[in-house]
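S.K.: Fold the following for me, if possible:
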Amino acid sequence: MVKLVLAIHNHQPVGNFDSVLEEAYRLSYAPFFDVLERHPGVRVAAHFSGILYDWLEKAHPDYLDRLAALVKAGRLEILSGGYYEPILALLPEEDRRGQVNMMRDYVRKRFGADPAGLWLAERVWEPELAGSLAGLGVGYTALDDVHFFSAGFDEAALTGRYTTEYAGRHLDVFPINHRLRYLMPFAEPHKVIEYLKGFEGKDAVLVMADDGEKFGLWPGTHEHVYGKGWLDRMFTLLEENAAWLQTARFSDCLAGPSKGLAYLPTTSYHELSQWALPPAKSRRLSGLWEDSPEDFRQFLRGGYFRNFFSKYPEANRLYRRMLRASRKVAASGTSHGRTALYKAQCNCGYWHGVFGGVYLPHIRMAVYRNALEAEAALPARRGAPRFEVAREDWDADGRPELLAEGENANFYFSPAKGGGLWEWDYKPRGVNFGSVVWRHPEAYHEGEARGISGEARRAAEEALKKDLVYDWHPRMCLLDHFLRSDATPETFERSTYGELGDFVLGEYAASHSEVPEGLRVSLARDGHAWTGGSGHPFRVEKDVLLRHDGSWRASYRVINTGHSASDLWFGPELALAFSEKKHCPPGERRGVKEISFPDPVYGGVALQFSEPLDLWVMPLETVSRSEAGAEKTYQGSVLLPNLRRRLEAGAALEFSVEVRPL
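M.R.: Modelled structure (predicted):
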C-alpha cells in the first residue's frame, strides 16, 4: 500500500496587518478545509503557527472548532512547532523548550490531541536539534529530501521515515518529496496520480509538505485551486484510487521500525540555501543548478540560514537584539515577558528569499517592539533614573560597541563604524527609530529578473532600471559626511555625490560619563578630507547628550588640524524610521532652524539646530523581490543637515543637532 501524507503549513509573520491575515484566511485557509470536509476519504496533517491561532481565536473561532472536529474524526493531525514560528536552531535551549511547550499546551487544550510531530520552521536543520527535540518529547518531524541527498541517500530509498540521533536521543524524520512539492498544486491532478503510480505495489510512504498559502494565496492560485476545482478534483482522484493509495497522517505511518539511521547535515531546502549566498555566488549556483543534469544536482549545496546574518547586517542586529532580550528574561528568573520575547523570535524578519522578510519595515519593527515589551515586563530597577552602559562586541565583528540603556530609551553606538548611532529605541512607543535597511545588491537585480515571469517580470525589469541604487555604507544616525563641491540632493540620494572624507566608515575613539541630564557619549576621530589634490587633516568631535526622557543632542566640532585654510562642506547623516514616506516629505529645505515630522504610527521626531542650515531629506527605498514580482519598499528617510564654511588653520566649525521624539 502506498501512503501519501499531505501536510500543509500555514503561517503569517508577527506584526503583519489584520487585512493580510483576513485575505489569507479567505483565499487559502478557509477554502482548503471547505473542500476537505466534502471528501471524507481524505486525511491530512496541518501546522498553524501561533500567530494564526491567536488571530483565529479572535476573528474566526468557529474555524478552529471545525479543525477540532476533523481531529476528533481522525481525519486531521495537528503538528506542533515553536509557537511563534522561530528558527529553533537559533534559540537558546530555554527559549526553544518554552516555544515548543507553549504550542503543545495550546494544541492539547484546543484540539484535545497530544502532538507527537513537529513542523520545523523553514526546515532549518542542525544535527543537535535531534537530541533537543527528542528531549522535549517530539517523536518525529519532516525535512526535505535535499537534506537526505546531502547525506548521500538515493531518491529511490526515500519512501519512509528514518531515525536520526544526537547524544543517544532519537528522532524520526520523514523525507519531503520535492517532486510532489512542485507538482501540487501546479500540475493537473492526474499527473500527480501518474507519479504516485510509480510506487504502486510497494510499501511506501511519500510526503508532500509545503506552505498552505500556495493553495490559494499565492498569485493566481485561488482561481486555479478553487475556482477551477483543482483541489476538489485532486481529492476525488485520491479517493477513487483508495485500493492502492491511502492518504494518511504522519501518525498513521509509525508502525514497525524505521528504514534505518540517517545523519543529516546542517542545511535547509535548496532555495533557501541559494538565497543565503552573496549575490554573485547565488547567481552562480542558480546557473549551475539549471545547467546540471538532475542526478548531479544532489551534490550542489549553497549557504545556510545563519549566512543571512552576514549578508544583511540589519538582520544580524535584529537577531542580537532578540538574544539580548532573551538573556535579560532568563536572568530575571521569572516568567515575565516570555510571550513578548517569543513573538520577537518569529523568523520572518531575519532573512530574505522570495518574500519581503527583512525588507518589510513593519515586520522588523514588530521584532523590536516585542523585544522592548519583553524587557519592560521585567521587574523595574529602583532608584533615580540612570543609564546602564556596556562596552561589548554586539554584532560579532571583533570590535566593541557602546550600548546605553535607560528608562525611556536605548542608544546603541558603533565607534568602529563611523561613530554611528544605529539603534535608538524609544520605549514609550515601542519604536526603534534606527530600524532602516540600506540598499543591498541582490542576485535577482542582474540579468532578466531570474525566477519571475510574464507581466511581473517585465515590471521588475522596468523598476530595476529606474530605481536600483546601492549604498556603499550602512545607514544610521551621526555618520559624518564631507561633501564634494558639486554634490546635490539628487546625487546624495543616489550615492553618486562624491565623499571626500574618511569618516563615514572610520573608527572613532569613544568615552562616556554620567551627567545630571543623563549620559554624555564623546566620540572623536582624526582623519582626512580629500581637498586640493591631497588629504587635508581634520578632527571631528561629537559629544552626544542622551537624556532620560529619550531625546538627545549631538554637539559637533569639526577642526581644521592642517597648516592651511580649507573649504568645508559638512553634514551628519540622520537615518530615521517612519511608517510612511509622506510623514517625512523629501526635498531640500534652506535656512532651517527647527522642523517636525509627526508620524501617527511611530510618533515621529522634531529637530532643532543651533543655527539655520540647509536640510536635505531623501527617502530610503529598496527594490526587492516578492511573490508578485519586484517591489519598491520605503524603509525610512535619510536627513542631512549641512553647512559650508572656510576654515583657517586651527579653526573649528561648531554646531549642534537636537532630536526629540514626538
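S.K.: burial measure for the nearest residue to Pro278 once chain neighbours are set aside, as a count.
M.R.: Closest residue to Pro278 apart from its sequence neighbours, by Cβ to Cβ, 6 or more residues apart in numbering: Lys311 at 6.5 Å. C-beta coordinates here come from the backbone N, C-alpha and C atoms, glycine included. Using other Cβ atoms under 10 Å, Lys311 has 22 other residues around it.
S.K.: and Lys311, what does it touch?
M.R.: Lys311 makes contact with 276-278, 440 under the criterion Cβ atoms under 8 Å, 6 or more residues apart in numbering.
S.K.: Please apply the same query to Leu323.
M.R.: Leu323 sits next to Pro92 when contact means Cβ under 8 Å, 6+ apart.
S.K.: Are we agreed that it is in a helix?
M.R.: Yes. Assessed with DSSP: H, G, I helix; E, B strand; the rest coil, Leu323 lies in a helix.
S.K.: do you know how far it is from Leu341?
M.R.: Using Cβ to Cβ, to the nearest Å, we find Leu323 at a distance of 10 Å from Leu341.
S.K.: Over to Trp569?
M.R.: To Leu341, Trp569 is 46 Å away according to Cβ to Cβ.
S.K.: Between the two, point out the one with more neighbours.
M.R.: Using other Cβ under 10 Å, the more surrounded residue of Trp569 and Leu341 is Leu341, with 25 against 18.
S.K.: which residue ranges form the helices in the stretch 501-650 of the chain?
M.R.: Under the criterion DSSP state H, counting those that start in this stretch, the stretch 501-650 of the chain carries no helices.
S.K.: can you check the stretch 351-500 of the chain too?
M.R.: Ranges of helices in the stretch 351-500 of the chain, per DSSP H, counting those that start in this stretch, are 361-376, 454-467, 489-493.
S.K.: Among those, show the one with the smallest mean pLDDT.
M.R.: Sorting the helices of the stretch 351-500 of the chain by mean pLDDT places helix 454-467 lowest, at a mean of 62.
S.K.: Can you find the helix or strand of the chain with the lowest average pLDDT?
M.R.: Taking mean pLDDT, DSSP states H and E as the measure, the chain has helix 454-467 as its least confident helix or strand, at a mean of 62.
S.K.: Go through stretch 130-144 and flag the buried ones.
M.R.: Buried residues in stretch 130-144, counted by 16 or more other Cβ atoms under 10 Å: 130-134, 136, 138-144.
S.K.: Next, please give the residue ranges for the strands of the stretch 251-400 of the chain.
M.R.: Along the stretch 251-400 of the chain, counting by DSSP state E, counting those that start in this stretch, strands occupy 388-392.
S.K.: How about the contacts made by Ser150?
M.R.: By Cβ under 8 Å, 6+ apart, Ser150 lies in contact with 264-265, 267, 298, 301.
S.K.: What does Leu6 show for phi and psi?
M.R.: Phi and psi for Leu6, reported as degrees, to the nearest 10, are phi -100, psi 120.
S.K.: what about the chain, any weak spots by pLDDT?
M.R.: For the chain, applying pLDDT under 70 flags the ranges 447-465, 626-629.
S.K.: one more time with 80
M.R.: Per-residue confidence for the chain (pLDDT under 80) gives these ranges: 354-355, 380-384, 447-466, 532-533, 625-630.
S.K.: Between the two ends of stretch 256-267, how far is it?
M.R.: In stretch 256-267, first residue to last residue: 28 Å (Cα to Cα, to the nearest Å).
S.K.: which one of the contacts of Lys311 sits closest to Ala649?
M.R.: Distance to Ala649 across the contacts of Lys311 (Cβ to Cβ) is lowest for His440, with 41.1 Å.
S.K.: Just to check, the closest one is in contact with Glu314?
M.R.: No. Counting by Cβ atoms under 8 Å, His440 stays clear of Glu314, with 9.0 Å between them.
S.K.: between these two, who's got more neighbours?
M.R.: Counted by other Cβ under 10 Å, His440 and Glu314 do not tie: Glu314 has more neighbours, with 24 against 19.
S.K.: ok, now which ones touch that one?
M.R.: Residues near Glu314 by Cβ under 8 Å, 6+ apart: 358, 364, 435-438.
S.K.: and the gap between it and Gly112?
M.R.: From Glu314 to Gly112 the distance is 42 Å (Cβ to Cβ).
S.K.: So which bits of stretch 293-308 are buried?
M.R.: 298, 300-308.
S.K.: Pipe those into TSV and attach distance to Gly550 per row.
M.R.: Shown next, in TSV, are those (distance: Cβ to Cβ, whole Å):
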residue	distance to Gly550
Gln298	54
Leu300	50
Arg301	47
Gly302	43
Gly303	39
Tyr304	38
Phe305	34
Arg306	33
Asn307	35
Phe308	31
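S.K.: Take those and keep only those in helices.
M.R.: Using DSSP state H, the members of the buried residues of stretch 293-308 that fall in helices are 307-308.
S.K.: So what does Glu85 look like in phi/psi?
M.R.: The phi/psi pair for Glu85 (degrees, to the nearest 10) is phi 60, psi 50.
S.K.: Let me know whether it touches Tyr350 as I believe.
M.R.: No. Contact criterion Cβ under 8 Å: Glu85 and Tyr350 do not qualify, at 11.1 Å.
S.K.: Can you give me the distance of Ser555 to Arg233?
M.R.: When distance is defined by Cβ to Cβ, Ser555 is 71 Å away from Arg233.
S.K.: okay, these two: which has more neighbours?
M.R.: Higher neighbour count among Ser555 and Arg233: Ser555, with 17 against 14, using other Cβ under 10 Å.
S.K.: show me what contacts that one?
M.R.: Listed by Cβ under 8 Å, 6+ apart, the contact partners of Ser555 are 542-545, 654-656.
S.K.: Tell me which residue lies nearest the centroid of this protein.
M.R.: Nearest to the mean C-alpha position of the chain, by Cα atoms, centre = their mean, lies Gly349 at 1.9 Å.
S.K.: OK, contacts around that residue?
M.R.: Contacts for Gly349 (Cβ under 8 Å, 6+ apart) come out as 13, 15, 315, 318, 357-358, 360, 363-364, 366-367.
S.K.: now, among these, which is nearest to Ala242?
M.R.: Looking at the contacts of Gly349 and their distance to Ala242, the nearest is Pro13, at 38.3 Å (Cβ to Cβ).
S.K.: what about that closest one, helix or strand, and which?
M.R.: Using DSSP states H and E, Pro13 maps to neither a helix nor a strand.
S.K.: neighbours around it, how many?
M.R.: 24.
S.K.: right, and it touches Ala366 too?
M.R.: Yes. At 7.3 Å, Pro13 and Ala366 qualify as touching, with contact defined as Cβ under 8 Å.
S.K.: Mutual contacts of the two, please.
M.R.: Common neighbours of Pro13 and Ala366, counting by Cβ under 8 Å, 6+ apart, are 346, 349.
S.K.: what sits up against the helix or strand in which Asp232 is found?
M.R.: Here Asp232, judged by DSSP H and E, is contained in helix 230-240. Applying Cβ under 8 Å, 6+ apart, the contact partners of helix 230-240 are 4, 31-32, 35-36, 38-39, 41-42, 184-185, 188-190, 192-193, 215, 224-226, 245, 247.
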